Structure formats: C-alpha cells, structure tokens
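> need a structure here:
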Amino acid sequence: MLNPSLSIGSASNPGASLTVVDSETNGNAALYVEGGISAGSAKTDGSGLNSGSPQAMWADYVSVPAATTNTLQIYNVLVGPSSTILLTPVGTAAFTGGLSVTSQSAGSFTVSSNVTMGTSGGGVVTAINYVVINH
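Alright, predicted model coming up:
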C-alpha cells in the first residue's frame, strides 16, 4: 500500500516521477507516472523517461455496482477532454460485450457496453481497471 503523499523521482530529473495522488471524488488514489519517451528520440526500451516529456500516465480502478446496465460514469479529477483512456473489465466470468468510452469531459468519462455490465442484470463485470494518458 502506498501513501498518497509518496513521491519517487530524481532531483536531477524532476520531470520523471512516480506519485500516488488523490483523484476520485470518493477518496481513492491513483498511481501517477510523469514522464515518457520524447517524440523523435532514439531511446532504447526503458531509458526514455526524461524531464520535459509531455506525457503523464496513471492507473486506477472502479467497482461496478451490481445494478449497472450498459453505461457507467466514472469520476476522476485527473481526466481531461483529450485524455487517452484504456479499459479492462474485471469479472466473475468471460465478458463478451466489449467496453468503450462514449463520453469524456474534464473530471469524468462514461464507459459503455452493448451488454449489461453489473451482476444483478445478468452481467459479469464487477470492476473496471483503467489507464489514463495525458499528452
């Protein structure tokens, strides 16, 4: 378990850091990584974090309420209108519906599926893992 005030970085390279930040309105925290591979740079794998890079990434998850049907709005203050969001469903069995982001604004996004997600409607998704990338 990481404390929200924890920050791992380098005094010589403050643009690349690993931080746990409070993000969701219900008080959950997200793992936040700042840095990235600069565009056009010839860096080998694992050596591309540098200060001034335009990327910030974090991972988080949200529990899916049992009564959820085909859509779920997720609130996270770190999300912006131009964020790239990667979704992975977590469930009690194989999920065949597929997930997509159908609406996105500052502080929230809506996840949609063509089948029910919550368990009380016959769905199997109990949580959604997501990664957000800001460029």
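> number of residues surrounding V115?
Other residues lying near V115 total 15 when counted by other Cβ atoms under 10 Å. Backbone N, C-alpha and C define where each C-beta goes, glycine included.
> give the helix, strand or coil label for the nearest residue to it once chain neighbours are set aside.
Among residues not flanking V115 along the chain, G97 sits closest, at 3.6 Å (Cβ to Cβ, 6 or more residues apart in numbering). Here G97 takes the coil state, with states given by DSSP: H, G, I helix; E, B strand; the rest coil.
> G97: neighbour count?
When counting by other Cβ under 10 Å, one arrives at 16 neighbours for G97.
> same check, this time on G98
By other Cβ under 10 Å, 11 other residues sit near G98.
> mind listing the strands the longest strand seen in the chain pairs with, and their directions?
Ordering each strand of the chain by length in residues (DSSP state E) puts strand 125-134 first. On the basis of DSSP bridges, the sheet neighbours of strand 125-134 come out as strand 56-63 (antiparallel), strand 84-91 (antiparallel).
> so which bits of it are buried?
V125, T126, I128, Y130, V131, V132, N134 (16 or more other Cβ atoms under 10 Å).
> need these in a markdown table (columns: distance to M117).
Formatted as a markdown table, the buried residues of strand 125-134 follow (distance: Cβ to Cβ, whole Å):
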| residue | distance to M117 |
| --- | --- |
| V125 | 4 |
| T126 | 9 |
| I128 | 8 |
| Y130 | 14 |
| V131 | 19 |
| V132 | 19 |
| N134 | 26 |
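> and the furthest pair within those residues?
Using Cβ to Cβ, these span at most 27.5 Å, a distance reached by T126 and N134.
> residue contacts, the residue nearest to V115?
Listed by Cβ atoms under 8 Å, 6 or more residues apart in numbering, the contact partners of G97 are S113, N114, V115, T116, M117, G123, V125.
> select only the buried ones of those residues in ChimeraX?
Buried residues among the contacts of G97 (16+ other Cβ under 10 Å), as a ChimeraX selection:
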select :113,116,117,123,125
